[in-house]
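**Student:** this one's sequence-less:
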């Protein structure tokens, strides 16, 4: 069926944020209100046809059994007209009921399609801090189950309320036309139904919220188990995971039981009340018919009309109760939607949609064009007798702390990076994970970060692409405050190889070219794969670069996945590289191949290398030794080995282990 009106495929659901949930749901219907109004209008026509069916039944009964004269002249002709009337009204009722359902489904599916698309896009744009503290299973539950509850609200509950309202008004007016006494006697129980429904609505809302929370927890448990299935099998923890899942599932059962108990209590009460209402109406109508106050044909007409008056009101109670699920789901979805997005385009250092490196400029005043400021001086690094790094930052006389808007070129960044007393702490942490870190990196230099787990190495490099914002000090990139660069531009300039690389369920070739954002010729993909020492491995597969990898690349070994991730980063051709322990999962021979390729490709690129092995950082231009968020030593390999400090102790331990291992290998030979 063609759409009633041209509808947009995008709607900013942040416009639906409000404490009044029904108002929010109404706003979500933007662009679909006309179709929804047509659905309700079709319902009104269908309900009217149903009402006229019973009025026609009255005429039929009065003509056959009563004293009414045939309205078509003869009895035979009157019966034919009545029969055609029944057929026509049935077709009218069924046809418009179909159109109503079709339009309601069209509206509901269109709204939820836009909602899913928006949520998917919105979740991707939320900060890394939000994703770090929000369980994946909870997000999946909200995007699937809660969105489906909202769809049911628009497809069933909302249109159902409209249907019930129309049926009540039309049938009540019809009964009033038959007898005002019957009309008043037929609605005695309706206030009771409404009061009971509203009471159950509050109870069901609370029960459903608890049920959805537990279902999200169960989804998180399942998601974590499937993601870590290798760990579960490696430690033979199937029974433990089974017990954990059964515990969460049992809690879901209990909450679901309480939720359904609310429904099971509502139905008997409403059915008994409605049953007595109709029985009383039937008896009262019969008494009126016996006393001649209504005709014989009026009685069956009333019986049919009162059924469509009372039972819809009983269903109104059911819909009011079920509406609570839609409202709860709306609230749960708005909890995601109200989260502030990570602004990818903010930054003063931009022009024509691009942000690019330029020299420092003074703030403009009164329309005076900006003039170049002095270059950023490099910090002076010295080591004291204890092996501690002493950093002296020259003053930047004449350079205001705030940078002005500037005109920039579209060239890539050069890669000069300066950390000036940078500190950082997570939002939910009471202590700093990075404390007063200062160092200077020239364009094309390689910087190695060495330290124990939790020393702040990864947190430090995560500040460069603005995954997190430093809380004190500042970072300069090519003389410009890092916060002045939009995140989108920074991340195009930075290539990252994670410690645990992620591969999508696509072909190897698609995974390699994923980060480029354009159609990549096959020869470029292969060059990157050769540089990462994975080309020959890929060709050994029957489908070569078209070989599909499973979730997270489970069909590849750990070292192979890591080299595919390295190839993906190299193909991006970034100006700044971040290698987060990227050779930890490969053997010594493969590491040597990757290191040789990276040494060639890292020329003229600023590179940050996170590693635990001294052999991986020996050739770095600058080595930062970190402990508890601070830089305790800084310098080149030769300088640090000569100092008494953490670096030399790590070097001696690893050297001794390598020597002992080599002796054992020689003894075996």
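**Tutor:** Looks like it came in fine. Being a predicted model, the structure only gives us computed values, none of them experimental. Numbering: from 1, shown residues only.

**Student:** Could you use CA atoms for every contact and neighbour count after this?
**Tutor:** OK.

**Student:** And the helices in the stretch 451-600 of the chain?
**Tutor:** All helices of the stretch 451-600 of the chain, identified by DSSP state H, counting those that start in this stretch, fall at 457-461, 487-493, 508-512, 522-531, 535-539, 558-572, 588-601.

**Student:** right, and the helix or strand after the last one?
**Tutor:** Okay, so that is helix 588-601. Following the chain from helix 588-601 toward its C-terminal end, the next helix or strand by DSSP states H and E is strand 606-611.

**Student:** The very next helix or strand once past that following strand vs strand 606-611, what angle?
**Tutor:** Note on strand 606-611: by DSSP H and E, the next helix or strand toward the C-terminus is strand 622-627. Strand 622-627 and strand 606-611 are oriented at 40 degrees to each other (axes from the mean of the first three to the mean of the last three C-alpha atoms, to 10 degrees).

**Student:** List the buried residues for the helix or strand that contains residue 231?
**Tutor:** Using DSSP H and E, residue 231 sits in helix 229-234. By 16 or more other C-alpha atoms under 10 Å, the buried positions in helix 229-234 come out as residue 232.

**Student:** ok, for the residue nearest to the spatial centre of the chain, nearest residue in space, not its chain neighbours?
**Tutor:** The centre of the chain sits closest to residue 123, judged by C-alpha atoms, centre = their mean, with a distance of 3.5 Å. Spatial nearest neighbour of residue 123, chain neighbours left out: residue 336 (7.8 Å); criterion: C-alpha to C-alpha, 6 or more residues apart in numbering.

**Student:** Kindly confirm my reading that that neighbour is in a strand.
**Tutor:** No - Residue 336 is assigned helix when assessed by DSSP: H, G, I helix; E, B strand; the rest coil, not a strand.

**Student:** Quick one, grab the pLDDT at it.
**Tutor:** If you check residue 336, the pLDDT there is 93.

**Student:** Which one, of the helices of the stretch 451-600 of the chain, ends up nearest to residue 84?
**Tutor:** Residue 84 sits nearest to helix 508-512 of all the helices of the stretch 451-600 of the chain, at 65.3 Å, using C-alpha to C-alpha.

**Student:** any low-confidence regions in the stretch 201-350 of the chain?
**Tutor:** 317, 321, 349-350 (pLDDT under 70).

**Student:** would you list every one of the helices in it?
**Tutor:** Ranges of helices in the stretch 201-350 of the chain, per DSSP H, counting those that start in this stretch, are 229-234, 238-290, 298-337.

**Student:** residue contacts, residue 103?
**Tutor:** Residues counted as contacts of residue 103 (C-alpha atoms under 8 Å, 6 or more residues apart in numbering) are 35, 36, 38, 39.

**Student:** Quick check on the residues you listed: which are buried?
**Tutor:** Neighbour counting with 16+ other C-alpha under 10 Å marks 35, 36, 38, 39 as buried within those.

**Student:** now, which of these sits nearest residue 541?
**Tutor:** residue 35 (53.2 Å).

**Student:** The closest one touches residue 104, doesn't it?
**Tutor:** Yes - judged on C-alpha atoms under 8 Å, residue 35 makes contact with residue 104 at a distance of 7.5 Å.

**Student:** how many neighbours does residue 94 have?
**Tutor:** 16 (other C-alpha atoms under 10 Å).

**Student:** Against residue 309, how distant is it?
**Tutor:** To residue 309, residue 94 is 19 Å away according to C-alpha to C-alpha, to the nearest Å.

**Student:** Tell me which of the contacts of residue 103 fall in helices.
**Tutor:** Within those, residues falling in helices by DSSP state H are 35, 36, 38, 39.

**Student:** Report the buried residues of stretch 477-492.
**Tutor:** Buried residues in stretch 477-492 (16+ other C-alpha under 10 Å): 477-492.

**Student:** okay, how far is it across that stretch, tip to tip?
**Tutor:** OK, stretch 477-492 end separation, C-alpha to C-alpha: 14 Å.

**Student:** quick revisit: can you tell me which of the buried residues of stretch 477-492 is closest to residue 500?
**Tutor:** Taking C-alpha to C-alpha as the measure, residue 500 sits nearest to residue 491 out of the buried residues of stretch 477-492, at 18.9 Å.

**Student:** Contacts only, for the closest one.
**Tutor:** residue 465.

**Student:** any idea of the mean pLDDT in whichever strand or helix holds residue 84?
**Tutor:** Under DSSP H and E, the secondary-structure element containing residue 84 is helix 75-124. The average pLDDT within helix 75-124 is 89.

**Student:** got the angle between it and helix 298-337?
**Tutor:** Per the same axes, to 10 degrees, the angle that helix 75-124 makes with helix 298-337 is 10 degrees.

**Student:** Could you point out the helix or strand that follows helix 75-124?
**Tutor:** Next helix or strand after helix 75-124 toward the C-terminus (DSSP H and E): helix 128-133.

**Student:** which helices and strands sit right next to that following helix?
**Tutor:** In this structure, helix 128-133 makes packing contacts with no helix or strand, judged by 3 or more C-alpha pairs under 8 Å, 6 or more residues apart in numbering; DSSP states H and E.

**Student:** what's the following helix or strand after that helix?
**Tutor:** helix 136-141.

**Student:** Now tell me what touches that following helix from outside.
**Tutor:** 215, 216, 217, 218, 219, 220, 221, 222, 223, 224.

**Student:** hang on, residue 344 packs against residue 486?
**Tutor:** Yes - counting by C-alpha under 8 Å, residue 486 is a contact partner of residue 344 at 5.6 Å.

**Student:** I'd like the distance between residue 133 and residue 288.
**Tutor:** Using C-alpha to C-alpha, residue 133 is found at 70 Å from residue 288.

**Student:** Have a look at those two and say which one is more surrounded.
**Tutor:** Between residue 133 and residue 288, counting by other C-alpha under 10 Å, residue 288 is the more crowded of the two (18 against 9).

**Student:** so what's the closest residue to residue 456 other than its chain neighbours scoring on pLDDT?
**Tutor:** Closest residue to residue 456 apart from its sequence neighbours, by C-alpha to C-alpha, 6+ apart: residue 629 at 4.9 Å. pLDDT, residue 629: 90.

**Student:** Residue 629: how many residues sit nearby?
**Tutor:** Neighbour number of residue 629 under other C-alpha under 10 Å is 23.

**Student:** Break the chain into its domains for me.
**Tutor:** The chain breaks down by automatic domain parsing into domains covering 15-337, 380-668.

**Student:** Show me the shaky parts of the stretch 501-650 of the chain.
**Tutor:** Within the stretch 501-650 of the chain, the segments meeting pLDDT under 70 span 550-554, 582-598, 600-601.

**Student:** So which residues of the stretch 401-550 of the chain form strands?
**Tutor:** Counting by DSSP state E, counting those that start in this stretch, residue ranges of the strands within the stretch 401-550 of the chain are 417-424, 434-441, 446-451, 472-477, 480-481, 494-497.
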